[in-house]
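J.: model this:
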Amino acid sequence: MLKWTDVISIATKGNPVPPNRVEKSDEEWRKILTPEQYSVARKKGTERAFTGEYCEAHTPGLYACRCCSTLLFDSSLKFESGTGWPSFTQPYTDGVIAYHKDSGHGMVRIEVTCNVCDAHLGHVFPDGPLPSGLRFCINSASIILAEKAKP
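T.: So this is what the prediction gives:
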């Protein structure tokens, strides 16, 4: 199970090798994403709190990167954080999330991106529920409910 100390270590020492890479030109990304999705996922924007499609969603399934379809989060690890963005306690599997120190906006945070296509997803914080204590705060514009969870 990933913990905050692991996140800091990865962000400091380097991200794992991704399972594969998806690279497109800026023009190609613009063709497949809406303007909001492009702004958030490709230009590190943030959707307004409590407006995202998956903020209060409870449909079982797997969430994938909207840009490259890499599976990122399982709905069984989604929780109500009250922050206005979908929140998860762990990534779906190792190696799909990249971690980057973000010193913008007058604070230090850890940005999370898709490790396969570099799409901005959101940030991870050490104030989530046990046992991981992590809160992956993710923009709905960067993810899509890709698969229904299998029993």
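J.: buried ones in the top helix by length along the chain?
T.: Scanning the chain for the longest helix, with DSSP state H as the assignment, gives helix 4-13. By neighbour count with 16 or more other CB atoms under 10 Å, helix 4-13 contains the buried residues 4, 7, 10-11. For the C-beta atoms, the positions are set from N, CA and C on the backbone; glycine is no exception.
J.: and it, what other elements does it pack with?
T.: Secondary-structure packing of helix 4-13 (3 or more CB pairs under 8 Å, 6 or more residues apart in numbering; DSSP states H and E): strand 97-102, strand 109-114.
J.: re earlier: in CSV, list the buried residues of helix 4-13 along with distance to residue 99 and pLDDT.
T.: Formatted as CSV, the buried residues of helix 4-13 follow (distance: CB to CB, whole Å; pLDDT from 0 to 100):
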residue, distance to residue 99, pLDDT
4, 11, 95
7, 6, 96
10, 5, 95
11, 4, 95
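J.: CSV please, covering those and showing distance to residue 105.
T.: Output for the buried residues of helix 4-13, formatted as CSV (distance: CB to CB, whole Å):
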residue, distance to residue 105
4, 20
7, 19
10, 22
11, 17
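J.: out of those, who's nearest residue 126?
T.: Ranked by distance to residue 126 (CB to CB), the buried residues of helix 4-13 are led by residue 4 at 4.0 Å.
J.: list the contacts of the closest residue to the closest one other than its chain neighbours.
T.: Of all residues not flanking residue 4 in the chain, residue 126 sits nearest, at 4.0 Å (CB to CB, 6 or more residues apart in numbering). Counting by CB atoms under 8 Å, 6 or more residues apart in numbering, residue 126 touches 4, 7, 133-135.
J.: how does it look with 7 Å?
T.: Counting by CB atoms under 7 Å, 6 or more residues apart in numbering, residue 126 touches 4, 133-134.
J.: re the thing from before, pick the most buried one from the helices and strands packed on helix 4-13.
T.: Most buried of those, by mean neighbour count (mean count of other CB atoms under 10 Å): strand 109-114, with a mean of 21.
J.: which other helices and strands does that strand contact?
T.: strand 97-102, strand 120-125 (3 or more CB pairs under 7 Å, 6 or more residues apart in numbering; DSSP states H and E).
J.: okay, strands next: where are they in this structure?
T.: Using DSSP state E, the strands found in the chain span residues 62-65, 71-74, 78-79, 87-88, 97-102, 109-114, 120-125, 135-138, 143-147.
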